[in-house]
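Colleague: here's a sequence, model it:
(chains A and B)
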Amino acid sequence: DVQMTQSPSSLSASVGDRVTITCRASLGINNYLAWYQQKPANAPKLLISAASTLQSGVPSRFSGSGSGTDFTLTISSLQPEDVATYYCQKYDSVPRTFGPGTKVDI
Amino acid sequence: QLQLQESGPGLVRPSETLSLTCTVSGGSITGTTYYWGWIRQPPGKGLEWIGAVHYSGSTQYNPALKSRIIILVDRSKNQFSLKLSSVTAADTAVYFCGRENVAGIDYWGQGALVAVSS
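Modeller: Okay, here's the model as predicted:
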């Protein structure tokens, strides 16, 4: 199975900072990668699909890039409401594995 | 607005079978481009994709769990279900149901905590 890793596992930044989270697949997955935001006691929320397509209603400060094995999620200007854990997920094939998550604090 | 709601027992005894149902409202489960999936999250840990079912009955399972899971769809009730057999404490988790499309999981249930304990 393709393994998914994320770095860092956690980070703390200030309001207004640019934040970058990396997701790596052990084998190429083209651009079949999604990013989710999960706030405590809530279900995950789909932010980005196909590595870089922002979902409707998601603030434009979120962006995604990458293809193949290396992907990034960027928050251009961190806001208090962005405190959450962020997960990547491959969906090119079964199993549709999630990364271990990156916890973002302020 | 599509909504998904998990239901089922919150406590299951070790070695028994965990059974959950996801009821879909605000839309039909028969969309051809969708799979309907189950994802779980042990307390304080990350997300694990369990498997998914198409309205036709076609299934996709996580190989790590395949020997213990059955996912079924009931089109008449707009529901799909999960059965996980031979449970242990390691199966204690919040279980989410969700709608999977070509872009990922775009709708999620609120989650149901299932504890495995005697």
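
Colleague: from the centroid of the chain, which residue is nearest?
Modeller: Because you didn't say which chain, this covers chain A. A:Trp35 (3.8 Å; CA atoms, centre = their mean).

Colleague: should've been chain B
Modeller: B:Trp38 (2.9 Å).

Colleague: how about the nearest residue to the residue nearest to the centre of chain A, chain neighbours excluded?
Modeller: A:Ile48 (4.2 Å; CB to CB, 6 or more residues apart in numbering or on different chains). Backbone N, C-alpha and C define where each C-beta goes, glycine included.

Colleague: ok, the residue nearest to the centre of chain B - contacts?
Modeller: B:20, B:22, B:50-52, B:71, B:82, B:95-98 (CB atoms under 8 Å, 6 or more residues apart in numbering or on different chains).

Colleague: hmm, the helix or strand hosting B:Thr23 in reach of chain A?
Modeller: Using DSSP states H and E, the element containing B:Thr23 is strand B:18-25. No: judged by CB under 8 Å from any CB of the partner chain, strand B:18-25 stays clear of chain A, getting no closer than 12.3 Å.

Colleague: from the middle of its chain, how far away would that strand be?
Modeller: Centroid separation between strand B:18-25 and its chain, computed with CA atoms, centre = their mean, to the nearest Å, is 7 Å.

Colleague: rewinding a little: so what touches the helix or strand harbouring the residue nearest to the centre of chain A?
Modeller: When elements are assigned from DSSP H and E, A:Trp35 belongs to strand A:33-38. Around strand A:33-38, the neighbours that count as contacts under CB under 8 Å, 6+ apart are A:23, A:25, A:44-51, A:62, A:64, A:66, A:71, A:73, A:82, A:84-91, A:98, A:101, B:47, B:103-105.

Colleague: what's around A:Ala41, how many residues?
Modeller: Look at A:Ala41: counted by other CB atoms under 10 Å in any protein chain shown, it has 8 neighbours.

Colleague: is it true that B:Asp91 touches B:Leu84?
Modeller: Yes: counting by CB atoms under 8 Å, B:Asp91 does reach B:Leu84; the two are 6.3 Å apart.

Colleague: name the residues contacting each of the two.
Modeller: Common neighbours of B:Asp91 and B:Leu84 (CB under 8 Å, 6+ apart) are B:Leu18.

Colleague: so where is chain A shaky, pLDDT-wise?
Modeller: Within chain A, no stretch has pLDDT under 70.

Colleague: the helix or strand following the strand holding A:Trp35 pairs with which strands?
Modeller: Downstream of strand A:33-38, the next assigned helix or strand under DSSP H and E is strand A:45-49. Sheet pairing of strand A:45-49 (DSSP bridges) gives strand A:33-38 (antiparallel), strand A:53-54 (antiparallel).

Colleague: what about dumping the CA coordinates of the first one to PDB?
Modeller: The C-alpha atoms that make up strand A:33-38 are tabulated as PDB, following Å, rounded to 0.1, in the frame of the first residue of the first chain:
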ATOM      1  CA  LEU A  33      -4.900  14.200  -3.200                       C
ATOM      2  CA  ALA A  34      -7.400  16.000  -0.900                       C
ATOM      3  CA  TRP A  35      -6.800  18.200   2.100                       C
ATOM      4  CA  TYR A  36      -9.200  18.300   5.100                       C
ATOM      5  CA  GLN A  37      -9.500  20.500   8.100                       C
ATOM      6  CA  GLN A  38     -10.800  19.000  11.400                       C
END
